[in-house]
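S.K.: build the 3D model from these lines:
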Amino acid sequence: MVKITETLVRQRSEHNNLEISTLEELSLHQQDIEKIEYLDKWCRDLKILYLQSNLIPKIENVSRLKKLEYLNLALNNIEVIENLEGCESLKKLDLTVNFVGEITSVGCLKNLVHFEELYLVGNPCTEYEGYREYIIATLPHLKKLDGIVVEKSERISAIQEFYRIEHGIREQQNEHRKKRAREKAEAESKKKEKERLEKDIEDKSKETKPGFDGRWYTDMNKDSGDSIQENIEKQKKEDEKVKEFWEEKSAYTPESRIEVHEHTKALKDKENKKNAEPEKKPRRLLADDGRRLNINEAKIDFTLTEDENKHEILLDLAVFKHMDTSLIDVDVQPDHVLAYIK
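M.R.: Coordinates of the predicted model:
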């Protein structure tokens, strides 16, 4: 979850010498923000606020922005117009391509005397019969709706037909609520099924991993990944999953939009991780309890034989042929042996 931080706001206020308390215009578009917060405390003088192309599901924490004139929330996940009653200077609100189905929530704008322009193109409510007439009759100061000028004759006609239209609007709104309830239930069910499948795959992969490969020493040079063939198969399966995800048909909902965002982010993170230089693991010579780990970094054959009669232990190292003994250094301790082969 991306949050609005003071650092982010300062980065976007270079045109105001990095001062946020006197900031009048702020652009936070395409930041994957999921919640509006702090701006009504840090930037009280804001007049223009751009928050388009994020993942914001709710209009909140803007009521103290008394000087705000233009709020752009296009391409977000907003379903209800709310918490704008305190924005006394608001003139223009852009909610293009959101998920506003609660058309009656537009009533929170009717007492804003300066409010003139509203954009709701691409929202479910625009498909309601009588949508335009209802908005015009509800907002007495509106001059432009979805970029089209509101004529005086159109307003008179909308006011006259308001009570007849309102009944139909509320019925359509109730139908939309039922539809959204079904979509949320389906999304939740799909999410749980996905988590279950991922858990099953994870459990299966744990079961197939060998716990012992015949060696009683730790191979320091062994790659932690799978074999080349296994990696190829794994990549093939992942490519198929990605293809299946993009080809799957789904309704355009706030849940599906978040799912697409998370999927894209996961692919991007994976690509960045793949391109990044692999970090070398630190050599671990001791266990947590202080015991020496058995390590064969040179991968040479050796035998460790215990003679009970002579009370001795014989370590036989199969070093390289014709190797000079001066290149071998052995340090024998009561609980371990260190053999260095140069």
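S.K.: quickly list what Leu304 is bridged to.
M.R.: Beta-bridge partners for Leu304, by DSSP bridges, are Leu315.
S.K.: domain assignment for this protein?
M.R.: 6-176, 222-275, 284-342 (automatic domain parsing).
S.K.: the longest helix seen in the chain packs against which elements?
M.R.: For the chain, the helix with the greatest residue count under DSSP state H is helix 162-208. The contact analysis (3 or more C-beta pairs under 8 Å, 6 or more residues apart in numbering; DSSP states H and E) places helix 162-208 against helix 131-138, helix 254-275. Any C-beta I mention is one placed from the backbone N, CA and C, and that applies to glycine too.
S.K.: quick one: mean pLDDT over the longest one.
M.R.: Taken as a whole, helix 254-275 has a mean pLDDT of 85.
S.K.: check which residues of it are buried.
M.R.: The neighbour-count check on helix 254-275 (16 or more other C-beta atoms under 10 Å) flags 254-257, 259 as buried.
S.K.: the inter-axis angle of the longest helix of the chain versus helix 254-275?
M.R.: Helix 162-208 and helix 254-275 are oriented at 40 degrees to each other (axes from the mean of the first three to the mean of the last three C-alpha atoms, to 10 degrees).
S.K.: restrict the lowest-mean-pLDDT helix or strand in the chain to CA atoms and write it as PDB.
M.R.: The weakest-scoring helix or strand in the chain, judged by mean pLDDT, DSSP states H and E, is helix 228-247 (a mean of 75). Extracted C-alpha coordinates of helix 228-247, given in PDB (Å, rounded to 0.1, in the frame of the first residue of the first chain):
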ATOM      1  CA  ILE A 228      18.500 -25.800 -15.200                       C
ATOM      2  CA  GLN A 229      15.800 -28.100 -16.500                       C
ATOM      3  CA  GLU A 230      13.600 -27.500 -13.400                       C
ATOM      4  CA  ASN A 231      14.000 -23.700 -13.900                       C
ATOM      5  CA  ILE A 232      13.000 -24.000 -17.500                       C
ATOM      6  CA  GLU A 233       9.800 -26.000 -16.500                       C
ATOM      7  CA  LYS A 234       9.100 -23.500 -13.700                       C
ATOM      8  CA  GLN A 235       9.400 -20.500 -16.100                       C
ATOM      9  CA  LYS A 236       7.200 -22.200 -18.600                       C
ATOM     10  CA  LYS A 237       4.500 -22.700 -16.000                       C
ATOM     11  CA  GLU A 238       4.800 -19.100 -14.800                       C
ATOM     12  CA  ASP A 239       4.400 -17.900 -18.400                       C
ATOM     13  CA  GLU A 240       1.300 -20.000 -18.900                       C
ATOM     14  CA  LYS A 241      -0.100 -18.600 -15.600                       C
ATOM     15  CA  VAL A 242       0.500 -15.000 -16.900                       C
ATOM     16  CA  LYS A 243      -1.100 -15.700 -20.200                       C
ATOM     17  CA  GLU A 244      -4.100 -17.400 -18.500                       C
ATOM     18  CA  PHE A 245      -4.500 -14.300 -16.200                       C
ATOM     19  CA  TRP A 246      -4.600 -11.800 -19.100                       C
ATOM     20  CA  GLU A 247      -6.900 -14.000 -21.200                       C
END
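S.K.: how far out from the middle of the chain is it?
M.R.: 22 Å (C-alpha atoms, centre = their mean, to the nearest Å).
S.K.: neighbouring strands - and their directions - for the helix or strand hosting Leu93?
M.R.: If you go by DSSP states H and E, Leu93 is part of strand 92-94. Partners of strand 92-94 in the sheet, by DSSP bridges, are strand 70-72 (parallel), strand 117-119 (parallel).
S.K.: how far does it sit from the chain's center?
M.R.: 26 Å.
S.K.: quick one: mean pLDDT for the longest helix of the chain?
M.R.: Per-residue scores along helix 162-208 average to 86.
S.K.: rewinding a little: for Glu198, find the nearest of the domains of the chain.
M.R.: Taking C-beta to C-beta, domain 222-275 is the member of these nearest to Glu198, at 10.8 Å.
S.K.: just to revisit the earlier point, so which of the helices and strands packed on helix 162-208 is nearest Arg196?
M.R.: Of the helices and strands packed on helix 162-208, nearest to Arg196 by C-beta to C-beta is helix 254-275, at 16.1 Å.
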